[in-house]
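**Q** sharing a sequence plus its predicted fold:
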Number of protein chains: 2
Amino acid sequence: MADPAPTLRSLARVLGLSRTTVSDALRGSQRVDPNTAERVRQAAREAGYRRNPLAGALMSELRRSRGTAFHGVLAAIDFNEPDRPAHAARYHRELVVGAEARAVELGFKIEKFSVGHAGVSVQRLDAILQARGIHGVILLPAWDEPDLSNLDWTRFAGIYTDYIIERPALHSVCPDHYRSLLAALQRLAALGYRRPGLFLQKHADERLQYRWGAAFRAFQESHAAIKPVPPLIVDAFAKEEFVRWFRRHKPDVVVGHNTVAIDWMEGCGAELPATHGFVCLNVLMKTRPCAGLDLQPRTLGARATELLIGQLQRNETGIPEWPSTTTIPAHWVDGPTLRTAE
Amino acid sequence: MADPAPTLRSLARVLGLSRTTVSDALRGSQRVDPNTAERVRQAAREAGYRRNPLAGALMSELRRSRGTAFHGVLAAIDFNEPDRPAHAARYHRELVVGAEARAVELGFKIEKFSVGHAGVSVQRLDAILQARGIHGVILLPAWDEPDLSNLDWTRFAGIYTDYIIERPALHSVCPDHYRSLLAALQRLAALGYRRPGLFLQKHADERLQYRWGAAFRAFQESHAAIKPVPPLIVDAFAKEEFVRWFRRHKPDVVVGHNTVAIDWMEGCGAELPATHGFVCLNVLMKTRPCAGLDLQPRTLGARATELLIGQLQRNETGIPEWPSTTTIPAHWVDGPTLRTAE
DNA sequence: GCCATGGGTCGGACTGTCCGAACACTTGGT
DNA sequence: ACCAAGTGTTCGGACAGTCCGACCCATGGC
């Protein structure tokens, strides 16, 4: 093990070939004689040659985009959805802000693109990215199942910033809804609340594969002191349904997205924080001051950028064999809708 | 913008300096005359120079590691736990095998260390790693809450290969139990099973923050055609308790860790796969042929290594501000305990 | 006058890739 | 028999930014 690690050049010297031929042979280029290629592969195996992926990525980039030098540019791709609610638009903006900040720190730059509807088509996007020499893309969350399978993924590395993407199945980054709600409920229990209730829109939970509801039930099951208030999961927000549920099951704290529930609770005679409490599952959605969960879109954007740059440095383009999901727990935000101590 | 993007060399030519001096100046080296440095910085600003981060990373690695025979060494740290069951030991081995393979591909190498009990103490480990110039560590799962907070984390980057580590709070990599069980139940439903039952040891689910149980209940709640068999979650495996549950709730397929349940089912008159089915939640634990989930320890080890090397390349040591959890879904394995079609 | 010191600058070497040039050899038309 | 065109294979140049050792030159002590 005293010898320095073998390189393309040392290998070529031993074989009596040029470094170029060795490189081509190892990458399976059609230009080299099959016999020569086999010879090279065997010698590489025996010498324990390991290609330097960093150099590979650099050179590939450098040569391919000759003239138009490497800019270190990443694309943030937004699926153009016309009637996106304000909080979702803000979540997207925060994701991009976080991604941009981290990108700059690592010597990259982010450009925004919009596809579908008023934006460009997928084919057009492919052409634009290729022309600009962009090989890393961050896909922003889409309400409907996004489809970018038409992109030529052999030339791109991608990260999705929501739970699951199937077309194609990329690595993704998103909040840890399950763990965050468990932690929030634990905090409520520590504050003395014993009858937590969950108030959700059905579609919101479905998108997360029922993680909110699952965490809520798991908490109830595993804590004997907690009274099992059944979660209220509705098709659309409606006052009557909520009031009926609230009167019947008497939760002492309600956890949900929509802060209009606070008004309805007060309409039933509740006084916050004196008699009851409220926690918002996404502070970007609150329309009045209250405690809640910050899903940390900036941090998610930053982490997505880190993962993407990691892939580029390993020269890993294409669809991963085993897509992974990276999650970050939400950050608790105090507010006037909860009592401060037992 | 007709000119090609400025490089260190083009910048140096204009300034009448060498590329080295320009590089040093821009990176704020002490070796350069402050006046020269300022001149360089201004010229770079005016020319719109942007350093190529890929080339930077490559060269930094290349130059720094010259002379040192190995590109980089990572440590795999195992918490020495005396009475670890055989399947856990195998899971650990597979994790390391996956990590080693990926490390080699990326030009790194892995060395194994064992701490606690018969292994070295944490203080000693710190000294050893420092002396060996090792800055990346992969922590293997520990049954009890592991504690490595005494390591001088300002000098290390670390990844834990299980759900959560609090001392210190590092990034972690682990299987996606929640999603995997949901997917498995969906598959069973597609095969025609309508009364799935879950059989768990309490401690096993607690360690995962109840994710098995939570996924099971979430599936029942969201699928009207599925009969809600209550999960059997026991303190210790015992035949009588299982048989009572099995007779009373009549599940048509049982999902659990311990394959001894198959014997008990057969004792109750079940015939697999004719009348009933069984799925093992971790194929490393099965003691007889059956369908189940491969939690993919090799892939997890590989991904942990990638994340760790990413941190090292970004020069990120210490405890992350926001620890993330990266999960990979389990891989379904067919077996003779399930019918093959509707 | 000589040598040691040190601040500032420079050149060499390093990685793998891509493209066009170069070369050897075959084929087909005249 | 000769040349043009085509085919198959190999090679060399250029490229990025960094680190280390070498080098130049001014200064100061003896």
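**A** Arrived safely, thanks for sending.

**Q** distance check, the closest residue to DNA strand D within the stretch 51-200 of chain A against A:Arg31.
**A** Closest residue of the stretch 51-200 of chain A to DNA strand D, C-beta to the nearest atom of the strand: A:Leu62 (5.1 Å). C-beta coordinates here come from the backbone N, C-alpha and C atoms, glycine included. Taking C-beta to C-beta, to the nearest Å as the measure, A:Leu62 falls 20 Å from A:Arg31.

**Q** those two - which one has more neighbours?
**A** Using other C-beta atoms under 10 Å in any protein chain shown as the criterion, A:Leu62 and A:Arg31 rank with A:Leu62 on top: 14 against 9.

**Q** would you check that A:Ile159 makes contact with A:Pro168?
**A** No. Checked against C-beta atoms under 8 Å, the pair A:Ile159 and A:Pro168 is beyond contact range at 11.8 Å.

**Q** picking up where we left off before, check which helix or strand the residue of the stretch 51-200 of chain A closest to DNA strand D maps to.
**A** helix A:53-64 (DSSP states H and E).

**Q** does anything pack onto that helix? Which helices or strands?
**A** Helices and strands touching helix A:53-64, by 3 or more C-beta pairs under 8 Å, 6 or more residues apart in numbering or on different chains; DSSP states H and E, are helix A:297-313, helix B:53-64.

**Q** briefly note if it comes near DNA strand C.
**A** Yes. Helix A:53-64 is in contact with DNA strand C by C-beta under 7 Å from any atom of the strand, via A:55-56, A:58-60, A:62-64.

**Q** please list only the buried members of those.
**A** Buried by 16 or more other C-beta atoms under 10 Å in any protein chain shown: A:55-56, A:58-59, out of these.

**Q** any part of stretch A:139-154 near DNA strand C?
**A** No. Using C-beta under 7 Å from any atom of the strand, stretch A:139-154 never reaches DNA strand C; the gap is at least 11.5 Å.

**Q** quick one: A:Val234 and A:Arg167, what's the gap?
**A** 30 Å.

**Q** neighbour count winner among these two?
**A** Using other C-beta under 10 Å, the more surrounded residue of A:Val234 and A:Arg167 is A:Val234, with 15 against 11.

**Q** hang on, the more buried one packs against A:His203?
**A** No. A:Val234 is beyond contact range of A:His203, at 9.8 Å (criterion: C-beta under 8 Å).

**Q** the longest helix in chain A is where?
**A** In chain A, with assignment by DSSP state H, the single longest helix is helix A:86-105.

**Q** wait, isn't A:Val73 in contact with A:Gly107?
**A** No. Here A:Val73 lies out of contact with A:Gly107, judged by C-beta under 8 Å, at a distance of 10.9 Å.

**Q** between which two of the buried ones among the residues of helix A:53-64 next to DNA strand C is the distance greatest?
**A** For those, the maximum inter-member distance is 7.3 Å, found between A:Gly56 and A:Leu58 (C-beta to C-beta).

**Q** rewinding a little: for the helix or strand following the helix holding A:Leu62, packing partners?
**A** Per DSSP H and E, helix A:53-64 leads on to strand A:73-79 as the next helix or strand towards the C-terminus. Here strand A:73-79 touches helix A:86-105, strand A:109-115, helix A:122-132, strand A:136-139, helix A:297-313, going by 3+ C-beta pairs under 8 Å, 6+ apart.
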